[in-house]
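> The following comprises the amino acid sequence and a computationally predicted model.
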Amino acid sequence: MTLHSQNDFSIPEETIRVARAAYPKGNPYLKLRDALGTIYQNQSFVHLFPDNGRPAQAPWRLALITVLQFLEELPDRQAADAVRGRIDWKYLLG
């Protein structure tokens, strides 16, 4: 796997709209993303990946998913479901 140095991890407008409608008073994950942004950038991890191969997922996202999984005490399958289905996680992960 190779890691491309991507800097734009903005949140899609539709995700912002739906998240704000779902949580009009806010949500800890929305507040975290608004306050800290993406926390990490791919440049911090590029040296860990070879120059060729399939594109890798952003390591900062994978690390953040692991933290969220621990915080919410979710098994792997439920964490994967949360990534796919929870708007607050989607907002935080961009």
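The structure has been received and is ready for your questions. Computed from a predicted model, the values in this text were never measured in an experiment.
> where does this structure have low pLDDT?
1, 4-8, 40-42 (pLDDT under 70).
> So residue 21 lies in a helix, does it not?
Yes. The assignment for residue 21 (DSSP: H, G, I helix; E, B strand; the rest coil) places it in a helix.
> what are the ranges of the strands in the protein?
Per DSSP state E, the chain carries no strands over any range.
> isn't residue 90 right up against residue 15?
Yes. Judged on Cβ atoms under 8 Å, residue 90 makes contact with residue 15 at a distance of 5.5 Å. From N, CA and C alone the C-beta is placed, and that goes for glycine too.
> okay, these two: which has more neighbours?
residue 90 (18 against 15; other Cβ atoms under 10 Å).
> Report the contact partners of that one.
For residue 90, the contact set (Cβ atoms under 8 Å, 6 or more residues apart in numbering) comprises 15, 19, 83.
> Helices along this structure, start to end?
Along the chain, the stretches classed as helices by DSSP state H are 13-22, 28-36, 59-71, 76-85, 87-93.
> These into CSV, with extra columns for distance to residue 46?
Below are the helices of the chain laid out as CSV (distance: least, Cβ to Cβ, whole Å):
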stretch, distance to residue 46
helix 13-22, 26
helix 28-36, 21
helix 59-71, 9
helix 76-85, 23
helix 87-93, 20
